[in-house]
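Enquirer: I'll drop the sequence and a predicted model, then ask my questions.
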Amino acid sequence: MPSRRDFLRLSGLTALGLVASHRQVQAQGSAATRETKGPAPTGLRGTVTLFVCGDVMTGRGVDQILARPSEPGLHEPWADSALDYLELAERASGPIPRAVAPEYVWGEALAELERAAPDLRLVNLETAVTTSAEWAPKGINYRMHPANVACLTAAGIDGCVLANNHVLDWGAVGLVETLRTLRGAGIATTGAGTTLAEAERPAVLEVAGKGRVLVWSWGSTTSGIPRDWRAGPERPGIALLPDLSAATARRIAAAARRARRPGDLVVVSLHWGGNWGYEVPAEQREFARMLIDEQGADLVHGHSSHHPKGLEVHRGRPILYGCGDFLNDYEGIRGHQRYRSELVLAYLPAFDLATRRLTALEMAPFRVRRFRLERAAPDEVRWLRETLDRESRPLGAGVAAGPGGRLRLRWS
């Protein structure tokens, strides 16, 4: 193992490239349901607005600045302590406070969420929430102490999709504790479970006065998920896609059609593809479109890439091929600067309840600095707009400047 001095000197040049890798929740029928107070829906009118984003990684270095940090030891070939990542970030951006308030990491994003007032807030939580010591020998192991779960509730997170390549970093014991901790905090989960049936079960989130949003989470081995992480009939694990074939898309869509009621919105969240690069593989595009064609998804929420990728609207439904990261401890790591992964987006799609079609999609740009989200500067917003517009045009969409420094999706 290289020395700590070597790690800090190299600034983790290879580390990031190898990272390829309140509310009440209850089970009802075949779905985990999060109930909200308010009258039952009286008709299919109005809109539902969601907040979704890419990977939220509150473990490792981020966990070290929260109120109850985990033991910092790591099992990486280039670093043996989570404090190394904290030191890298401080070298890049200056001192970072310790024992921060739960809302610290969300920074200026909280004001944006208050302004947008989304009906539901969904994130891909890319870390185990556990004290387990059963680390998986895979090079990277993300862990947040369960006592720090308030950093998720501080942002009003309604649901976490978990079918990703880090939720089992601390073994089956760690996964079970993660599920128990999140649900105990009133956060719905989908994509992982103590059995296959539980892992493939959607989260059913009720929006007071409007209806339900059904969320499925699936992971692909193309994102670095080990194949043996798939849940079994009596084995904890994740909902793993066998492939991106038409048959698999039809199976997912059929399950959504069986569970859907009139007026329900369906989100299919997919952890797929590599970390770097803007290309959208043809098989991803075909798979996402088929989910929509077969009435299996109203929003395809893709993630795994460390930077935002192009967007598409197919038959009035948005496809977010790669949402990029949202929170992480990668600050100060070098090697892929041209992708500007420190610039992140909060996606705010709004849907018409009568048609389940997209009516607007705003994106609020932020920058990660000192393990905290702050509003992106005008030149950073311009770079994001130009990049996303360039990458979305071949997919039939475009990205324009919006009010208040936000971006807005355009489509025909």
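Expert: Ah, there it is. From a predicted model like this one, the values you see are computed outputs, not experimental measurements.
Enquirer: Residue 355: neighbour count?
Expert: 11 (other CB atoms under 10 Å). C-beta here means a position set from N, CA and C on the backbone, and glycine is covered the same way.
Enquirer: isn't it right up against residue 315?
Expert: No. The pair residue 355 and residue 315 does not pass the contact test of CB atoms under 8 Å, sitting 10.7 Å apart.
Enquirer: just so I have it, where are all the helices in this structure?
Expert: Along the chain, counting by DSSP state H, helices occupy 4-10, 60-65, 83-93, 109-116, 150-153, 171-184, 196-199, 246-259, 282-293, 378-392.
Enquirer: got the buried residues for stretch 249-262?
Expert: Of the residues in stretch 249-262, 249, 252-253, 255-256, 259-260 count as buried by neighbour count, 16 or more other CB atoms under 10 Å.
Enquirer: go on, stretch 46-57?
Expert: Buried, per 16+ other CB under 10 Å, within stretch 46-57: 48-57.
Enquirer: Among these, which ones are in strands?
Expert: Secondary structure defined by DSSP state E assigns 48-56 of the buried residues of stretch 46-57 to strands.
Enquirer: For those residues, work out which two are farthest apart.
Expert: Using CB to CB, the two most remote members of these are 48 and 55, lying 23.7 Å apart.
Enquirer: dump the residue contacts of residue 352.
Expert: Neighbouring residues of residue 352 by CB atoms under 8 Å, 6 or more residues apart in numbering: 47, 359.
Enquirer: ok, now how distant is it from residue 46?
Expert: Separation of residue 352 from residue 46 (CB to CB, to the nearest Å) stands at 8 Å.
Enquirer: One more: residue 359?
Expert: 10 Å.
Enquirer: Residue 281 now?
Expert: In terms of CB to CB, residue 281 sits 36 Å off from residue 46.
Enquirer: repeat for residue 75
Expert: For residue 75, the distance to residue 46 equals 50 Å [CB to CB].
Enquirer: And residue 52, by the same measure?
Expert: Distance of residue 52 to residue 46, computed by CB to CB: 19 Å.
Enquirer: Residue 183 too?
Expert: Taken as CB to CB, the span from residue 183 to residue 46 is 29 Å.
Enquirer: go on, residue 124?
Expert: Per CB to CB, residue 124 is found 27 Å from residue 46.
Enquirer: can you tell me which residues contact residue 131?
Expert: Neighbours of residue 131 in contact, by CB under 8 Å, 6+ apart: 70, 145-146, 177.
Enquirer: Against residue 116, how distant is it?
Expert: Residue 131 is 35 Å from residue 116, by CB to CB.
Enquirer: got it, and residue 316?
Expert: According to CB to CB, residue 316 stands 21 Å off from residue 116.
Enquirer: How many residues are close by residue 396?
Expert: For residue 396, using other CB under 10 Å, the count is 13.
Enquirer: I figured it hits residue 410, correct?
Expert: No. Applying CB under 8 Å, one finds residue 396 not in contact with residue 410, separated by 10.1 Å.
Enquirer: related to what we said a few turns ago, from the helices of the chain, which stretch is densest packed?
Expert: With neighbours defined by mean count of other CB atoms under 10 Å, none of the helices of the chain is more surrounded on average than helix 60-65, at a mean of 26.
Enquirer: what mean pLDDT does it have?
Expert: Computed over helix 60-65, the mean pLDDT rounds to 98.
Enquirer: Which strands and helices lie in contact with that helix?
Expert: Contacts defined by 3 or more CB pairs under 8 Å, 6 or more residues apart in numbering; DSSP states H and E place helix 60-65 against helix 83-93, strand 143-144.
Enquirer: Can I get the longest one as CSV, trimmed to CA atoms?
Expert: As requested, C-alpha coordinates have been extracted for helix 83-93 and formatted as CSV (Å, rounded to 0.1, in the frame of the first residue of the first chain):
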residue,chain,number,x,y,z
LEU,A,83,-9.5,11.1,6.6
ASP,A,84,-7.2,11.1,3.6
TYR,A,85,-10.2,12.1,1.4
LEU,A,86,-11.0,14.9,3.9
GLU,A,87,-7.4,16.1,3.7
LEU,A,88,-7.5,16.1,-0.1
ALA,A,89,-10.6,18.2,-0.1
GLU,A,90,-9.1,20.7,2.3
ARG,A,91,-6.0,21.0,0.2
ALA,A,92,-8.2,21.9,-2.7
SER,A,93,-10.7,24.2,-1.1
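Enquirer: How far off centre is it?
Expert: 24 Å (CA atoms, centre = their mean, to the nearest Å).
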